[in-house]
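Colleague: Please work out how this folds:
(chains A and B)
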Amino acid sequence: MATPPAHTGVLDLEQVRAHTLPNGLRVRLLHDRSAPTLSYYTFFQVGSRNERLGTTGISHLFEHMMFNGAAKYGPKEFDRVLESRGGHSNAYTSNDVTAYYEDFAPDALETVIDLESDRMRSLRLTTDSLEQEREVVKEERRLRTENSIFGLMEEQLESLVFLAHPYRWPVIGWMDDIERITRDDCEAFFRTYYAPNNAAVYVVGDMDPDATLELLERHYADIPAGPRPAPVPQGEPPQRGERRAVVRYPAQAPALLAGWRGPAARSSDSAALDVLQVCLAVGESSRLRRRLVQDEEVAVSVSIGWGWRIDPGVFLAFAELAPKVKSARAEAILWEELDRVATKGVSGAEVRRAQALLRSSVLHELATHHGIAHALGQAEALLGDWREAGHALEHYAAVGPRDVRRVAAEYLDPSRRNVVALDPEVKR
Amino acid sequence: MSTPIALPAIHRETLPTGLSVVVAQRPGVPLAAVRLVLRGGSSLDPARRSGLAHLVALAARRGTRRRTGPEIDLAVESLGAELGAGVDEDATYFGLSAPVEELPRCMDILADVATHPIFPPAEVKRLKRREVAALAHDLDEPSVVADRAMLSAAFGDHPYGHSPEGRVRDLTEASRGDVVGFHSRHYRPSEAILVVVGKVELGEVLALVRKRFGAWRGPEGAEPPVRAPAAPETRVVVVDKPDITQSQVRIASQGFPRKSPDYVPGIVASALLGGGFTSRLMEAIRVNRGLSYGVRSRFSTSASGGVFFISTFTKVETTGEIVQVALDETARFSDEGPTAEELERTKSYLCGLFPLSLETHDQLAEKLADLALFDLPDDDIRLFRDHVRAIGADECRLAARRYFPLERRVVVAVGPAKAIAPALERFGPVSVVPARKMV
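Modeller: Numbers count the residues shown, from 1 in each chain, chains lettered A, B, ... in the order given. Just a heads-up that it's a prediction; the model follows:
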């Protein structure tokens, strides 16, 4: 095995203790005394990609249900107990995973393990709590989607990019499906997706790995494994031509969102697309910011979203346009810039700039116990191996200008683009 | 839990020009955080020039005697850093975080931007256009509109009463002369603090600071203090956005300045009312009634005063109800104070959270800059947990009665006025403002 370069030393993979309990629960522990804190992440291998029409949004709604009481710690107790021990928690659901975390002082470790294993073993799903969370989630949807211009546009974009794959619907689900999900749906969901064999626990910080492993075994070992989750439909047909949607909404200014289907996270092209993302839209000296915001003044902001996903995900470009700018003009400039990268490529200096920015961003993430625990979990969930969390910098370092040009040409093909334009309705 | 927070070795010195320098050496990732803070932010915006301090901070990085704006961008970003520039009501901030070996170049560029900007006319004009255009997008975000409306309702004509981003008319009329004048009046070493945190060598940092900032000169004298704001009159402001399906709600009352002795009791009382997931408001609004996805309360503290506010949102139909529930819970808490269990839990929560706000170099740099800006001792950080632990139920109740929105308070709601204004009349005299008036 090659010695990793010195600059990756911020995450010493050799120090990670990896173990799988007989019931399938994967456990990864990293002892680090640099700060007197612990971060505890639980990743469940389930997100909106595992859903079906009619109950879209169940992964996310279920995430809310996880805070509503189990056999030992009843309703409202999870956060009370945790907070009384100086900790705090939260969770998120994505297209691919549902992740829960607690950050706390080391002396609360056993309490946290007790709380987490309690809800994995014996979550209580009551009709009352389901009805109340349903209302909360509807408010969340109103907040993030229905009254958010980006939210409205993104929902349209994903349904253009994907015809068959479940990435087609939003993580929060369609409003009508949120209304429809039953307690029985939740029970079945819990048995399959929240079984220990579908989960992994990451503990990073100031603790003794041997003692922690023993605690984990004691608390989780009796939770039975669950059935194997159903495979996710992969029959996305090839795209043969541009797809477009218009969102008419009373807004002060237009906006533009474009997206292309990219590779799966595991593809070696993912890192090159990260570099492309930075070349295009991270920092004031990035190509799109200079051209669209500074030189042509058609946009007030521009960003690229390339989120790694288990199945082929979306590479998207979003621009908030200046009022009165015609969307078509902004589009033409955007296509021209993307075409320039695909045909002429980027310079070595641009790639080095992108690598420097990506390196800082990786170092920032790995600067906290929370960040390390999340990086390990994310790498295992999306790439199948937690060790990948320590290899990001090597992957970026291996990307050259030719790779950037190649991925731009391959993935950002005009005949496979999807475009959502915001048309600000004029009020009469 | 009651052991003091261990801070790294902190070196402080003042250069002959008056520049305060703070250096903290700590291990960890090989990055260095650098922050230059100038006393004076948007509260220094002249009359009819709201947004000027903000514009100056953005424009400063658009060209110096030695570098054009694009050259600055490229130089900084090639080091793996992004240069941040911005203002709040009390101060102007420039900051970046870069690999520690790049500190010399970062310091060079930061000093160049802060002390030698030339404000190229074309760049100033362009920035004005962009900022005005960005305000149009702000108007499309109900929560941003609500925050702006709350500042204005809580502080009125006071210098804290406008958003640092300014207003369309003022930005449009601001001239390059305004920008240059503001810079020459307010950017000066005697009112500046430079903070460096990371795996750095003290001697090297100090030598760099002297080399790059030693010759910086500016007008003598201190910025005049901002007058203390008055408490708002009770009223309701409805910002009309006819097409949204969810109202954004703010309830605000007079708070206190950052140096107030009520700071820690206030933080504890506010956490009890609307802090974490188990707060009174969260329980009443989200857990028991499903009225919202989120609700929080907070003291926002500035140099000369502050505001306490509750912030939430709900579907249009329940706008009146959510305000009523929030006010009822606030009144009940102010009468009864916290239970013993609740108080202990909340203090543990605050104490547990605190070390996490010091983990990264950037976070520590921000905290150290705040200490210098508000003239606070290290113990404000070191003993924060002890100060929290010492707070009793009575002090929480007193802080609540004094500052929470019981009598004098403003209610701000952004939503379709026709639907929500009638439901809000019971909370005070209602004025309806079209959303576009908010920028």
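Colleague: which residues does the residue nearest to the spatial centre of chain A contact?
Modeller: Chain A has residue A:94 as the residue nearest its centroid, 5.1 Å off, counting by C-alpha atoms, centre = their mean. Contacts for residue A:94 (C-beta atoms under 8 Å, 6 or more residues apart in numbering or on different chains) come out as A:47-48, A:171. Yep, even glycine has a C-beta here, placed from its N, CA and C like the rest.
Colleague: what residues are up against the closest residue to chain A within the stretch 301-439 of chain B?
Modeller: Nearest to chain A, among the residues of the stretch 301-439 of chain B, is residue B:352, at 2.6 Å (C-beta to the nearest C-beta). Contacts for residue B:352 were tallied using C-beta under 8 Å, 6+ apart; they are A:83, A:85-88, A:103-105, A:108.
Colleague: re earlier: looking at the contacts of residue A:94, which is nearest chain B?
Modeller: residue A:171 (14.3 Å).
Colleague: Just the pLDDT for the residue in the stretch 251-400 of chain A that chain B sits nearest to.
Modeller: As assessed by C-beta to the nearest C-beta, chain B sits closest to residue A:356 within the stretch 251-400 of chain A, at 3.3 Å. We have a pLDDT of 97 for residue A:356.
Colleague: how close does it sit to residue A:396?
Modeller: Noted for residue A:356: a distance of 10 Å to residue A:396, by C-beta to C-beta, to the nearest Å.
Colleague: Other residues contacting stretch B:18-28?
Modeller: Contacts of stretch B:18-28 (C-beta under 8 Å, 6+ apart): A:34, A:367, B:7-15, B:188-202, B:205-206, B:209, B:213, B:216, B:360-361, B:364-365, B:368-369, B:372.
Colleague: which of the residues you listed are buried?
Modeller: A:367, B:7, B:10, B:15, B:188-200, B:205-206, B:209, B:213, B:216, B:360-361, B:364-365, B:368-369, B:372 (16 or more other C-beta atoms under 10 Å in any protein chain shown).
Colleague: May I ask which of the contacts of residue A:94 has the most neighbours?
Modeller: residue A:47 (26 neighbours; other C-beta atoms under 10 Å in any protein chain shown).
Colleague: Tell me the confidence at that one?
Modeller: Per-residue confidence (pLDDT) for residue A:47: 98.
Colleague: surely it meets residue A:59?
Modeller: Yes: taking C-beta atoms under 8 Å as the definition, residue A:47 is a contact partner of residue A:59 at 5.3 Å.
Colleague: Quick check: neighbours shared by those two?
Modeller: Listed as contacting both residue A:47 and residue A:59 by C-beta under 8 Å, 6+ apart are A:93, A:98, A:171.
Colleague: mind listing what the first one touches?
Modeller: Neighbour list for residue A:93: A:47-48, A:59-60, A:63, A:171 [criterion: C-beta under 8 Å, 6+ apart].
Colleague: Go through these and say which is closest to residue B:338.
Modeller: Closest approach between the contacts of residue A:93 and residue B:338, by C-beta to C-beta: residue A:63, at 29.3 Å.
Colleague: continuing past the helix or strand encompassing that closest one, what's the next helix or strand?
Modeller: Assigned by DSSP states H and E, residue A:63 belongs to helix A:58-65. Beyond helix A:58-65 on the C-terminal side, the first helix or strand identified by DSSP H and E is helix A:77-84.
Colleague: Touching that next one from outside, list them.
Modeller: A:67, A:69, A:73, A:88-89, A:102, A:104, A:108, A:111-112, A:115, A:119, B:276-278, B:341, B:344-346, B:348-349, B:352.
Colleague: Now do it, average pLDDT.
Modeller: Mean predicted lDDT for helix A:77-84 stands at 96.
Colleague: coming back round to it: keep the contacts of residue A:93, but drop any that are not near chain B.
Modeller: Among the contacts of residue A:93, no residue is within reach of chain B (C-beta under 8 Å from any C-beta of the partner chain).
Colleague: hang on, the earlier thing: measure the residue nearest to the centre of chain A to chain B for me?
Modeller: Distance of residue A:94 to chain B, computed by C-beta to the nearest C-beta, to the nearest Å: 17 Å.
Colleague: nearest spatial neighbour of residue B:220, skipping sequence neighbours?
Modeller: residue B:190 (6.5 Å; C-beta to C-beta, 6 or more residues apart in numbering or on different chains).
Colleague: Tell me which residues touch that neighbour, please.
Modeller: So residue B:190 contacts B:17-19, B:218, B:220-222 (C-beta under 8 Å, 6+ apart).
Colleague: Ramachandran coordinates for it?
Modeller: With angles defined as degrees, to the nearest 10, residue B:190 sits at phi -70, psi -20.
Colleague: how close does it get to residue B:371?
Modeller: For residue B:190 relative to residue B:371 (C-beta to C-beta), the value is 18 Å.
Colleague: Quick check: pLDDT value at the residue lying closest to residue A:152 once chain neighbours are set aside.
Modeller: Leaving aside its sequence neighbours, residue A:152 sits nearest to residue A:247 (C-beta to C-beta, 6+ apart; 5.4 Å). On pLDDT, residue A:247 comes in at 96.
Colleague: For the stretch 301-428 of chain A, which segments count as helices?
Modeller: Assigned by DSSP state H, counting those that start in this stretch, the helices in the stretch 301-428 of chain A fall at A:327-344, A:348-365, A:369-383, A:392-397, A:401-411.
Colleague: and if you look at the stretch 1-150 of chain B?
Modeller: B:52-60, B:69-78, B:103-115, B:121-139, B:142-155.
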